[in-house]
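Peer 1: Have a look; sequence and predicted model below, questions after that.
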Amino acid sequence: MPIAGVVILTQPGKSQSVLKQLKDLSGVTTYGIHKENYIITVMEGDSLEDVKSKSEQMMSSIPGIIGVYPSYINVEDQVD
C-alpha cells in the first residue's frame, strides 16, 4: 500500500475550513496546521495512481487549497 506524506498549502484564512474537509476523506490523516497556511497530511491508497487521484480530487473539490506537495512516498510493498 503506497503511503505519501504531503504538505497542503492553503489560501490565507482557509486552513481551518480545509482541515475540516480533509478529516472527512478516506485514506487521509491530518496532523494539524503549520505556520498558518500549511496542513501536514499522510495519504494512503491501494496504488500509487490512487494516491495521485486523491491529490487531484482534493485540488478540484476543496476550496482554499493552493497546492498538494509530496514530501515522501513509500511504495516498497507494492508489486508491479
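Peer 2: Now that the structure is in, tell me what you want to look at.
Peer 1: pLDDT averaged over whichever helix in the chain runs longest - what is it?
Peer 2: As assigned by DSSP state H, the longest helix anywhere in the chain is helix 48-61. Mean pLDDT, computed over helix 48-61, is 92.
Peer 1: Give me the packing partners of that helix, helices and strands only.
Peer 2: Where contact means 3 or more CB pairs under 8 Å, 6 or more residues apart in numbering; DSSP states H and E, helix 48-61 is packed against strand 3-10, strand 38-44, strand 65-74. The way it works is simple: take the backbone N, C-alpha and C, and place the C-beta from them, glycine included.
Peer 1: Pipe these into JSON lines and attach mean pLDDT per row.
Peer 2: Output for those, formatted as JSON lines (pLDDT from 0 to 100):
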{"stretch": "strand 3-10", "mean pLDDT": "96"}
{"stretch": "strand 38-44", "mean pLDDT": "97"}
{"stretch": "strand 65-74", "mean pLDDT": "94"}
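Peer 1: As JSON lines, those with mean neighbour count and distance to Glu56 would be great.
Peer 2: JSON lines is the format used below for those (neighbours: other CB atoms under 10 Å; distance: least, CB to CB, whole Å):
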{"stretch": "strand 3-10", "mean neighbour count": "19", "distance to Glu56": "12"}
{"stretch": "strand 38-44", "mean neighbour count": "18", "distance to Glu56": "12"}
{"stretch": "strand 65-74", "mean neighbour count": "14", "distance to Glu56": "8"}
